[in-house]
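A structural model of the following input is requested.
(chains A, B, C and D)
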Protein chains: 2
Amino acid sequence: MTGPRITEAAERLFAVHGYAAVSMRQIASEVGVQAGALYNYTPDKQSLLYELMSSHLQLLMESWLAENRSGTPTERLKTFTEFHIRYHIDRPDAVFIAYMELRNLTPANFAKIETLRRAYELELEQILRDGQADRSFVVPDLRVTTMALLAMLTGVNTWYREDGRLSRARLESVYWTMVRRMVHI
Amino acid sequence: MTGPRITEAAERLFAVHGYAAVSMRQIASEVGVQAGALYNYTPDKQSLLYELMSSHLQLLMESWLAENRSGTPTERLKTFTEFHIRYHIDRPDAVFIAYMELRNLTPANFAKIETLRRAYELELEQILRDGQADRSFVVPDLRVTTMALLAMLTGVNTWYREDGRLSRARLESVYWTMVRRMVHI
DNA sequence: TCTTGATTTGAACGAATGTTCATTTAACCA
DNA sequence: TGGTTAAATGAACATTCGTTCAAATCAAGA
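Residues are numbered from 1 along each chain as shown, chains lettered A, B, ... in the order given. Below is the predicted model of the structure:
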């Protein structure tokens, strides 16, 4: 019962203050427990970070694979764009941590996380590649375009606020317009 | 003589390990001095971070204002794109810190940094606004496009390596192609 | 060589860190 | 109710942290 609450507290605190700046005592206090009790649920602080990032990336990939990924490259790119935006504004803390705390992973954990991240990246890259092959897309450089698209889409998290000016549907539409233009002449 | 070397060591270490994970003793050791000696050059660790971010953003803005900022909106956007890419791949550590360590600033310092960052953002937004006004550009949402462009351009730092496949000139060209398409129908 | 002024050292400070563990408390079934 | 197991406490541990400061060292001009 307390396990998930620890994860949630760690996620929130890591997102706000950063992994290195958050103490086990702060996490415990957020859960309403003493620091020692946390160690019934996690072997150490590092595992808390790794589990957050790992489960985030796994859920991201599972959710993507559950989308309708059929159709023309253009349709698939639209699906990816809308999925990515939607997923990211729904889980801002997990996304933020996955971007900001890579350097606080142990080398072994970093390697595992990188593998997951790279697999997701390749999903987009493959769509672009297929679109290049059938001439739906014309991009100046496949790899750079992949990275540029991901940076652009993920960047939504740095400024989007749920109670802001734009609805989620409008946001997806705005981003799709920009993505679509980027890959066509 | 030691002042700049402290700044350089702090910049490198903060970029690699993060502000919170770097100790004054590590910085001192990098400079070849004991921790106490640092305090002849900085009042505290926080000032070290603030000065790094502040001088980076001020140099960024000064450098931009020194560019040729005349011409049509399209020409100005091209100048901005190439300048931004060039500046960012030349100073990866300063850029990285300015993005990652915002939350480790005191509230007062954060406010000052935000003002600088916002001023730079507005330079791009103004170019887009002018292009919208004279119908050079058609964008679905001015503010979102500004943020999306900045995220896309700044993202270059997460993957670009000086000894990589692409030259700086080629990189500027690839990014300009993508930016140009994004703001035209 | 002596003096003055600026730097650096190295020890010390109080506080905070992640983690452990014997002991206490709580939960639950017989 | 009594007995068993699981969970939480709270103190303790060895380190490390940012920062201070008297004392030692250094640089340079008289």
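
I'd like the average pLDDT over the longest helix along chain A.
Looking across chain A with DSSP state H, the single longest helix is helix A:107-133. Average pLDDT, helix A:107-133: 98.

pretty sure A:L13 sits against A:Q26.
Yes: contact criterion Cβ atoms under 8 Å: A:L13 and A:Q26 qualify, at 6.0 Å. To be clear about C-beta, it is placed using only N, CA and C from the backbone, and glycine gets the same treatment.

so the two - more neighbours on which side?
A:L13 (19 against 15; other Cβ atoms under 10 Å in any protein chain shown).

check whether the helix or strand where the more buried one lies contacts DNA strand D.
Per DSSP states H and E, A:L13 falls inside helix A:2-17. Yes: residues of helix A:2-17 contacting DNA strand D under Cβ under 7 Å from any atom of the strand: A:T2.

who's in contact with the helix or strand following that helix?
Next in sequence after helix A:2-17, counting helices and strands by DSSP H and E, comes helix A:24-31. Helix A:24-31 has contacts (Cβ atoms under 8 Å, 6 or more residues apart in numbering or on different chains) with A:2, A:5-6, A:9-10, A:12-13, A:34-35, A:37-38, A:45, A:48.

now swap in stretch A:80-88 and tell me
Residues beyond stretch A:80-88 that count as contacts (Cβ under 8 Å, 6+ apart) turn out to be A:60, A:63-64, A:67, A:95, A:123-124, A:127, A:150, A:153-154, A:156-157, A:168, A:171-172, A:175-176, A:179.

any of those residues buried? List them.
The neighbour count (16 or more other Cβ atoms under 10 Å in any protein chain shown) marks A:60, A:64, A:95, A:123-124, A:127, A:150, A:153-154, A:156-157, A:171-172, A:175-176, A:179 as buried among the contacts of stretch A:80-88.

just give me the closest of these to A:D163.
Nearest to A:D163, judged by Cβ to Cβ, of those is A:L171 at 13.2 Å.

tell me how far the residue in chain A positioned nearest to DNA strand D lies from chain B.
When scored by Cβ to the nearest atom of the strand, chain A has A:G36 as its residue closest to DNA strand D, at 2.3 Å. Remark: distance between A:G36 and chain B (Cβ to the nearest Cβ, to the nearest Å) = 23 Å.

could you report the neighbour count for that residue?
Residue neighbour count, defined by other Cβ under 10 Å, stands at 10 for A:G36.

now do the one 3 residues further on
The burial count assigned to A:Y39 is 12, neighbours taken as other Cβ under 10 Å.

what sits against it?
Contacts for A:Y39 (Cβ under 8 Å, 6+ apart) come out as none.
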